[in-house]
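Q: Quick one: sequence plus predicted model below, questions after.
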Amino acid sequence: MIVKNPRFEISAVGPKQYPTNNLPEIVLVGKSNVGKSSFINTLINRKKLAKTSSEPGKTRQINFYNMDSKFYFVDLPGYGYSKMSKKEQIIVGNFIEEYLQKRKQIALIIFLVDIRHKPTENDKLMYNYIISSKVPFIIIANKADKIAVTKVSEATSEIQKILNPIGDVTTLPFSAERRIYTDDVWKEIEKYI
């Protein structure tokens, strides 16, 4: 898919701020610093639409990116970032949960994990939460450029075995550096928009 006019539309912390046009929403979840912003920028071939940061935990709101008025990429704040105060973690957790439970426009959840590491306890909790939401989702094993090309398939399978042992959820590698994986990811997204 070629996105010609992507734009940041709004940051939200509650339903009153969500877009009202009923476009399908492709939602990105994952721990802080797993590369959600780079994932968006790579897919749409832009360098800086979604703000990337070397400091994890920067995203504290739900960011809506409008893709040619066809659908949204929705970037949720990352989890597992310890420098956020307990009070902030609770506030952010509450508005994420509200969005995931009540938003009818969610067409697909993209769950990003780091291909270099076994899924953490937080990743497993998020996986179980997504399962319970009954929304379609895929798993993206991100940062595939950080390991040898020959190890990517094995590492992706290992993540699938840990999170989804029955193998009924699509699990794909991805890398913002190696653009070879983007077509497979777009094929999955296009099924839901």
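A: That came in fine, so what should we check first?

Q: mind checking which helix or strand M126 is in?
A: Assessed by DSSP states H and E, M126 sits inside helix 121-133.

Q: tell me what that helix is packed against?
A: If you count contacts as 3 or more C-beta pairs under 8 Å, 6 or more residues apart in numbering; DSSP states H and E, helix 121-133 packs onto strand 25-30, helix 86-102, strand 106-114, helix 152-163. C-beta: built from backbone N, CA, C; applies to glycine.

Q: lowest-confidence helix or strand of this structure?
A: Least confident helix or strand, the chain: helix 86-102 with a mean of 87, by mean pLDDT, DSSP states H and E.

Q: Grab the CA positions of that helix and hand them over as PDB.
A: The C-alpha trace of helix 86-102 is given here as PDB (Å, rounded to 0.1, in the frame of the first residue of the first chain):
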ATOM      1  CA  LYS A  86       3.000   5.000  39.900                       C
ATOM      2  CA  LYS A  87       0.300   7.700  39.700                       C
ATOM      3  CA  GLU A  88       1.200   8.400  36.000                       C
ATOM      4  CA  GLN A  89       1.200   4.700  35.300                       C
ATOM      5  CA  ILE A  90      -2.300   4.300  36.700                       C
ATOM      6  CA  ILE A  91      -3.600   7.300  34.800                       C
ATOM      7  CA  VAL A  92      -2.100   6.100  31.500                       C
ATOM      8  CA  GLY A  93      -3.100   2.500  32.100                       C
ATOM      9  CA  ASN A  94      -6.700   3.600  32.700                       C
ATOM     10  CA  PHE A  95      -7.100   5.600  29.500                       C
ATOM     11  CA  ILE A  96      -5.500   2.800  27.400                       C
ATOM     12  CA  GLU A  97      -7.900   0.300  28.900                       C
ATOM     13  CA  GLU A  98     -10.800   2.600  28.300                       C
ATOM     14  CA  TYR A  99      -9.800   3.000  24.700                       C
ATOM     15  CA  LEU A 100      -9.200  -0.700  24.100                       C
ATOM     16  CA  GLN A 101     -12.500  -1.700  25.800                       C
ATOM     17  CA  LYS A 102     -14.900   0.900  24.400                       C
END
